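**Student:** based on what follows, work out the 3D shape:
(one chain, ligands or ions: 1)
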Amino acid sequence: MASSTHSYGFYVFMLMGIVISTMVATCAGNFHQDFDPTWGDNRAKIFQGGQLLSLSLDKVSGSGFKSKREYLFGRIDMQLKLVAGNSAGTVTAYYLSSQGPTHDEIDFEFLGNLSGDPYILHTNVFTQGRGNREQQFYLWFDPTRNFHTYSIIWKRQHIIFLVDNMPIRVFKNAESVGVPFPKNQPMRIYSSLWSADDWATRGGLVKTDWSKAPFTAYYRNFKATSISTGSSNPNSGAEYQTNALDAYGRRRLRWVQKYFMIYNYCNDLKRFPQGIPAECRN
Ligand SMILES: *[C@@H]1O[C@H](CO)[C@@H](O)[C@H](O)[C@H]1NC(C)=O
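**Tutor:** Sure thing, here's the model as predicted:
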């Protein structure tokens, strides 16, 4: 008797465990469960039962949130709808970051603009506390009209930035030529909305128009997927070279980089008179 009661309890326990882990693996996240507002008081809001989050900015303050969990490798998807109308001077940052002076960071930053003028999508990768790896893009759609998906695929071999599943940037693991790669420090997901009108729009020429405040950005359909990271030796032969994108992905990356990239640190010879950074050469 005793033993059958015991095993019944055990099965229920197992079943619950399976149900819960399946939910975690497949459901889009719930903002109440996965994130905490970090600053800006009630300017960071979660609503629709945890399905929607908004950040807003007014003259007094911006706002931000961060993930409760830390992540080490994986694929992170989030849909964002950016500040509409005259968003000049506003910056919406959405990024992964570890902590401390030698932190790693993978950044998306959206620099607002006057109505009808294009946002700039700014990207960067920090490893061991060093960044200076900016690439900037215009988008092929108006990011304020609808939600679009911004994703980061983070593996030992590379980091891929995607917009609506379109690869826009690949940062390869270049440890073999002495460039540190983020692989030991888990990162949280952060986002914040603030005003940086000393530099954000046309290099600071266009200021934030506070008569249009509050400025609001929306987030939904967060999803974190763990991916098998494969071999721990990132440089193991041909696999590593071809793994990042297939032929179709490479074609799409070339299309984005040809028509939408507006700045690439790898081509900025003036900035690197001693020669371009090692990860850019190949
Ligand atoms: C804003 O619009 C101007 C004019 O089209 C453009 O030069 C600039 O790159 C745009 N983006 C930002 C963030 O300044």
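**Student:** would you mind listing what in the stretch 51-200 of the chain touches the ligand?
**Tutor:** Taking Cβ under 6 Å from any ligand atom, the part of the stretch 51-200 of the chain that reaches the ligand is made up of 111, 113, 117, 118, 120. C-beta here means a position set from N, CA and C on the backbone, and glycine is covered the same way.
**Student:** and residue 259, backbone torsions?
**Tutor:** Taking degrees, to the nearest 10, you get phi -100, psi -20 for the backbone angles of residue 259.
**Student:** for the ligand, see how far away the nearest residue to it once chain neighbours are set aside is.
**Tutor:** If you skip the residues right next to it in sequence, residue 259 has residue 140 as its closest partner in space, 7.7 Å away by Cβ to Cβ, 6 or more residues apart in numbering. Remark: distance between residue 140 and the ligand (Cβ to the nearest ligand atom, to the nearest Å) = 15 Å.
**Student:** residue 140 against residue 260, yeah?
**Tutor:** Yes. Shown here, residue 140 and residue 260 form a contact pair, counting by Cβ atoms under 8 Å, at 6.2 Å.
**Student:** of those two, who's got more company?
**Tutor:** Counting neighbours by other Cβ atoms under 10 Å for residue 140 and for residue 260 shows that residue 260 has the greater number, 17 against 13.
**Student:** quick revisit: and the residues of the stretch 51-200 of the chain next to the ligand as JSON lines, adding distance to residue 275?
**Tutor:** What follows is these, written out as JSON lines (distance: Cβ to Cβ, whole Å):
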{"residue": "111", "distance to residue 275": "29"}
{"residue": "113", "distance to residue 275": "34"}
{"residue": "117", "distance to residue 275": "35"}
{"residue": "118", "distance to residue 275": "32"}
{"residue": "120", "distance to residue 275": "27"}
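**Student:** take those and keep only those in strands.
**Tutor:** Within these, residues falling in strands by DSSP state E are 111, 120.
**Student:** most neighbours among the residues of the stretch 51-200 of the chain next to the ligand, please name it.
**Tutor:** For those, neighbours were counted using other Cβ under 10 Å, and residue 111 has the most, 23 neighbours in all.
**Student:** give me the beta-bridge partners of that one?
**Tutor:** residue 91, residue 120 (DSSP bridges).
**Student:** spit out the contact partners of it.
**Tutor:** Residues near residue 111 by Cβ atoms under 8 Å, 6 or more residues apart in numbering: 90, 91, 119, 120, 121, 122, 200, 201.
**Student:** same question for residue 247.
**Tutor:** Residue 247 makes no contacts at all, as judged by Cβ under 8 Å, 6+ apart.
**Student:** follow-up on the earlier one: just the buried ones out of the contacts of residue 111, please.
**Tutor:** Buried residues within the contacts of residue 111, defined by neighbour count using 16 or more other Cβ atoms under 10 Å: 90, 91, 119, 120, 121, 122, 200, 201.
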